[in-house]
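K.L.:
Pasting a predicted model and its sequence here:
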Amino acid sequence: MRYEVDFLVIGSGIAGLSYALKVAPYGKVCVLCKGEAAEGSTRYAQGGIAAVMYDSDSFDKHIQDTLVAGDGICDREVVEMTIREAPDRIKELVQYGVNFDRSGAGDRFDLHREGGHSEFRILHHKDNTGAEIERGLLEAVHRHPNIELKEHQFAIDIITQHHLGQRVTKHTPDIECYGVYALDCRTNQIDTYLAKVTLLATGGMGNVYTTTTTPIVSTGDGVAMVHRARGVLSDLEFMQFHPTSLYNPAEKPAFLITEAMRGAGAILKDFNGNEFMQKYDSRLSLAPRDIVARAIDNEMKIAGVDHLYLDARGIGRDGLINGFPTIYAKCLELGINITKDMIPIRPAAHYQCGGIKVDKNGESSIHHLYAAGECSCTGLHGGNRLASNSLLEAVVYAHNAAMSAIERVKTREICHAVPDWNAEGMVLNEEMVLITQTKRELQELMWNYVGIVRSDLRLQRAFDRLNLIFRETEDLYNRSVLTEELSELRNLIACAYLIIKMARARRENVGLHYSIDLVRDGDPRRR
Ligand code: FAD
Ligand code: SIN
């Protein structure tokens, strides 16, 4: 099938939906998502969204906190723009129907605090903020007559001049996007979606690693598509590991224990129940995430254990049951009463700070292709994202991209010369085991060699092992009918390759990139 729209959106999380709502008055919008509409990281967000709402806080403080967490390599202009725009974007979310908790007589938002924040500035809905945002946005999207939302449509590749028979390399000037090819997971047909402008809002890539808080749809598809289309990517060495995922080895994705709990007074403790953060940072359990995750990793290695603890008992029974009802119920299900017991935790891959390089309008290096949300790299996060700045970045850049795209569609035509996908000569892949086993191997090698602490040798080893996995999978791809599983595996491999490549190129320890062979200024320290 061939479809034509003004605005094509890939992804139905906070970035894709808030963009769709903004452009909808100006043309026909189609939103594709590969699973059910609500499935994505957005619905799992717990802590909330950071914004300066009252005079007790200031833009300068939020800017400073973001720059400090980013370890000195954020784009300052982007930080300032994002943080100053935040209150307007929050007001719009409320207008779309999103409810944030309020305090007192209900005239003020109730604000939480998280690691790296010098003030209480996190708007939230209990401890399930993302689910509330996703609900509000989806309901608004369903009400809009110009938006069609299509579930179980897997975008495979961005369409560029390459598909018109031209040679496209990373040096080709003026690469253009004409839309995407997408697999209809219900019919197994590959459809052609042509659009005047396309937005990628495909989320993160946590599934490159064995243990992750991100849902199964987070397989870096947008980044991999832009890589194949020869677009510019950046900062992928900065994979953020959240310090406190619930230790429950059989569970995938790992359940998150929000940092807001530490903001409310919960304390990290070692395997014997002793505090340890004083050895690492004066901000203790509320230090930025890269520091806390490394400290936990180190303590686990020293003690030879696979988890530590978060002690939330000091928050009190009422504070826990009313403020963190989702976490309370989840832990109770597993026999952990958090009003009496410490919570077993360990770090998990959580957020990709890098991604598709975009300008302040959210436009990528490929013309007419925008990106917003976790798949993009705006420069806001630098070496390490400040907690709750991700949902904020997504709404700010969805807005900026929408403003630019609305102007762009006025002068742009659909490219009708695009051919349909050619699936001739492919045989059905019946060796599912090859895909599942390769995925597991990939995740383990990334966890073991390209995790919280890296070294030159580990990165080299990961690169060599990945090369073999890459060749085997390309061989399978070249002779198989394309499936969602195979496509995701190829995308995960591409993301792993990019993470390793960028990690090897980064010759200093900064933010989330930490190697035992490097020091801060880039001088090698031999051990
Ligand atoms: P997502 O919400 O992940 O949505 C991605 C969409 O893309 C989905 O609809 C998916 O189906 C679609 N998609 C992907 N690939 C394809 C494809 N090939 N074809 C078609 N569709 C595709 N950040 C904060 O700021 N505050 C928090 O409190 C917070 N808590 C978090 C808690 C957890 C457990 C996790 C995992 C993350 C948290 N984050 C938080 C990070 C934040 O939630 C995410 O970065 C953000 O929600 C990403 O939104 P998004 O719109 O970019 O992508
Ligand atoms: C959390 O609630 O701890 C997650 C917040 C975030 O990832 O920004």
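P.N.:
Sure thing, it's come through. Ligands and ions are numbered 1, 2, ... in the order given.

K.L.:
Closest approach to ligand 1 from the stretch 51-200 of the chain, which residue is it?
P.N.:
Of the residues in the stretch 51-200 of the chain, the one nearest ligand 1 is residue 155, at a distance of 3.6 Å by Cβ to the nearest ligand atom. All C-beta spots, glycine's among them, are computed from the backbone N, C-alpha and C.

K.L.:
got it, and the stretch 101-250 of the chain?
P.N.:
residue 203 (2.5 Å).

K.L.:
Then the stretch 251-400 of the chain?
P.N.:
residue 373 (2.2 Å).

K.L.:
quick revisit: does the residue of the stretch 51-200 of the chain closest to ligand 1 count as helix, strand or coil?
P.N.:
Secondary structure assignment for residue 155 (DSSP: H, G, I helix; E, B strand; the rest coil): strand.

K.L.:
Show me what the helix or strand where residue 438 lies is in contact with.
P.N.:
Secondary structure assigned from DSSP states H and E places residue 438 in helix 432-449. Contacts of helix 432-449 with the rest of the structure, by Cβ atoms under 8 Å, 6 or more residues apart in numbering, involve 207-211, 349, 429, 458-459, 461-462, 465-466, 469, 472-473, 476, 485-486, 488-489, 492-493, 496, 499.

K.L.:
again with stretch 60-73
P.N.:
Residues outside stretch 60-73 that contact it (Cβ under 8 Å, 6+ apart): 50-52, 74, 76, 79-80, 83, 86, 116-119, 121, 288-290, 380-387, 389, 510-511.

K.L.:
Tell me who's in contact with the residue of the stretch 401-527 of the chain at minimum distance from ligand 2.
P.N.:
Per Cβ to the nearest ligand atom, residue 512 is where the stretch 401-527 of the chain lies closest to ligand 2, at 13.0 Å. Taking Cβ under 8 Å, 6+ apart as the definition of contact, the neighbours of residue 512 are 237-241, 290, 353, 383-384.

K.L.:
For those residues, give me JSON lines that also has distance to ligand 2, secondary structure and neighbour count.
P.N.:
Converted to JSON lines, the contacts of residue 512 look like this (distance: Cβ to the nearest ligand atom, whole Å; DSSP: H, G, I helix; E, B strand; the rest coil; neighbours: other Cβ atoms under 10 Å):
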{"residue": "237", "distance to ligand 2": "19", "secondary structure": "coil", "neighbour count": "25"}
{"residue": "238", "distance to ligand 2": "14", "secondary structure": "coil", "neighbour count": "29"}
{"residue": "239", "distance to ligand 2": "13", "secondary structure": "strand", "neighbour count": "27"}
{"residue": "240", "distance to ligand 2": "8", "secondary structure": "strand", "neighbour count": "26"}
{"residue": "241", "distance to ligand 2": "11", "secondary structure": "strand", "neighbour count": "26"}
{"residue": "290", "distance to ligand 2": "13", "secondary structure": "helix", "neighbour count": "27"}
{"residue": "353", "distance to ligand 2": "11", "secondary structure": "coil", "neighbour count": "28"}
{"residue": "383", "distance to ligand 2": "16", "secondary structure": "coil", "neighbour count": "26"}
{"residue": "384", "distance to ligand 2": "11", "secondary structure": "coil", "neighbour count": "26"}
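
K.L.:
Lowest-confidence one in those?
P.N.:
For the contacts of residue 512, the model is least confident at residue 290; its pLDDT is 90.

K.L.:
what's the closest non-adjacent residue to residue 180?
P.N.:
Once flanking residues are discounted, residue 180 sits nearest to residue 155: 4.5 Å by Cβ to Cβ, 6 or more residues apart in numbering.

K.L.:
repeat for residue 408
P.N.:
residue 197 (5.3 Å).

K.L.:
For my notes, confirm that neighbour occurs in a helix.
P.N.:
No - when the secondary structure is assigned by three-state DSSP, residue 197 falls in strand instead of a helix.

K.L.:
from the middle of its chain, how far away would the helix holding residue 438 be?
P.N.:
Using Cα atoms, centre = their mean, to the nearest Å, we find the averaged C-alpha position of helix 432-449 to lie 20 Å away from the chain's own average C-alpha position.
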